[in-house]
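J.: Here is my input, please return the structure:
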Amino acid sequence: MINLSVGDLMVRNPIVCEPSTTVMEALNMMKEYDVGSVIVLERGSRKPTNIITHKDIISALYHSFLDRRVSELIELLNKRELITINEEASVLDALRVFEEKGIEHLPVVDEEGLLIGIITGTDIMKNVPQFMFIDPLTGLENRRYLEFLEAKLVRQCKHDFYILMVDLDNFKYINDNYGHVFGDKVLKAAAWRILSSVRAYDNVIRFGGEEFLVILYRVDEEQARSIAERIRKNIELLYFEEHPEVKVSASIGVAQCQGNFMKTVEAADLAMYKAKRKGKNRVEVAKLLS
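T.: Below you'll find the predicted structure:
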């Protein structure tokens, strides 16, 4: 991914309009071409001046602006100066702009500042080899994917989400006494139990070794604790015919968004270790860190 350029992944011939285009016409373009944005060009030129996204269309609906010109919507929303990127820039440069500016659509321009394409986070995700983001043992998302996802989570940390840190108890004992092949089987089974305990739009990531990180979106503390308890109970029910004496359990730390992503991970990790100290096979909710 590091060696890819924006030009390698961008969509050429993006959907465009002029300032005089009505918002309804822009909306119809999005629907017809199944795109999330329309780039506004300087009249009679290929120079981009602004961009209209689905989010802007929602604002237009709220303000009854569908029959107004795109230029009027831009003025109403006080949209900032358009951010663009050169096709020679790296994909990592594009990711950095997405993170720092909190945007999802980035027009691509040539050396003269004329529009030649557009790149979005979706374009990058679709074109980066899937194996880069998948843990080969469990099939879950991996730490590399978490790094990719972090830009989104940094912005979303202003909203409600919770992180669970799930650590299998006494896993070293299982590996040492039953072997790594059986240990891998336990990891895969536990991963499936975690994945089946959360919702389709939550993230389950193998954080490392026998530790898993779960990201729960749009939940409150009670819901997050309830999901954590469901994970704990489902792991506790694991049974292996070849070794019926093996009992698997997990200690789980729960943390609310702490204002920044890594601080939230740290809080969940500390809560998980607190669960370990209190006897394992339990859920602990973190206090907000100062």
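J.: so where's the stretch 151-290 of the chain uncertain?
T.: Per-residue confidence for the stretch 151-290 of the chain (pLDDT under 70) gives these ranges: 151-152, 154-159, 288-290.
J.: could you pull out the helices for it?
T.: Using DSSP state H, counting those that start in this stretch, the helices of the stretch 151-290 of the chain run over 171-178, 180-195, 221-236, 261-277.
J.: what's in contact with the shortest one?
T.: Spelled out, that is helix 171-178. Under the criterion Cβ atoms under 8 Å, 6 or more residues apart in numbering, residues 182-183, 186, 209-210, 243, 246, 248 lie in contact with helix 171-178. All C-beta spots, glycine's among them, are computed from the backbone N, C-alpha and C.
J.: So which of those residues is the closest to residue 5?
T.: Minimum distance to residue 5 across the contacts of helix 171-178 is 35.4 Å, recorded for residue 209 (Cβ to Cβ).
J.: Could you check how many residues crowd around that closest one?
T.: Around residue 209 there are 12 other residues, counting by other Cβ atoms under 10 Å.
J.: Leaving out chain neighbours, which residue sits closest to it?
T.: Using Cβ to Cβ, 6 or more residues apart in numbering and skipping the chain neighbours, the partner closest in space to residue 209 is residue 171 (7.5 Å).
J.: now swap in residue 139 and tell me
T.: Residue 139's closest residue in space is residue 191 (Cβ to Cβ, 6+ apart), at 7.1 Å.
J.: ok, that neighbour - contacts?
T.: 138-140, 204, 206, 212.
J.: and those, which are buried?
T.: 138, 140, 204, 206, 212 (16 or more other Cβ atoms under 10 Å).
J.: circling back to that earlier point, export the contacts of residue 191 to CSV and tack on distance to residue 38?
T.: Output for the contacts of residue 191, formatted as CSV (distance: Cβ to Cβ, whole Å):
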residue, distance to residue 38
138, 41
139, 38
140, 37
204, 35
206, 39
212, 41
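J.: ok, which pair from the residues you listed is furthest apart?
T.: The largest separation in the contacts of residue 191, counting by Cβ to Cβ, is between 139 and 212 at 12.3 Å.
J.: now the end-to-end length of stretch 74-85.
T.: 21 Å (Cα to Cα, to the nearest Å).
J.: what comes up buried for it?
T.: 74, 77, 79, 82, 84-85.
J.: cool, stretch 252-270 as well?
T.: Going by neighbour count (16+ other Cβ under 10 Å), the buried part of stretch 252-270 is 252-258, 261, 264-270.
J.: End to end on it, go ahead and measure it.
T.: Start-to-end span of stretch 252-270 (Cα to Cα) is 10 Å.
J.: same thing with stretch 36-53?
T.: 6 Å.
J.: which residues sit against that stretch?
T.: Stretch 36-53 is contacted by residues 14-21, 23, 26, 29-30, 54, 70-71, 73-74, 79, 82, 84, 104-105, 107, 109, 113-115, 118, 120, 122 when judged by Cβ under 8 Å, 6+ apart.
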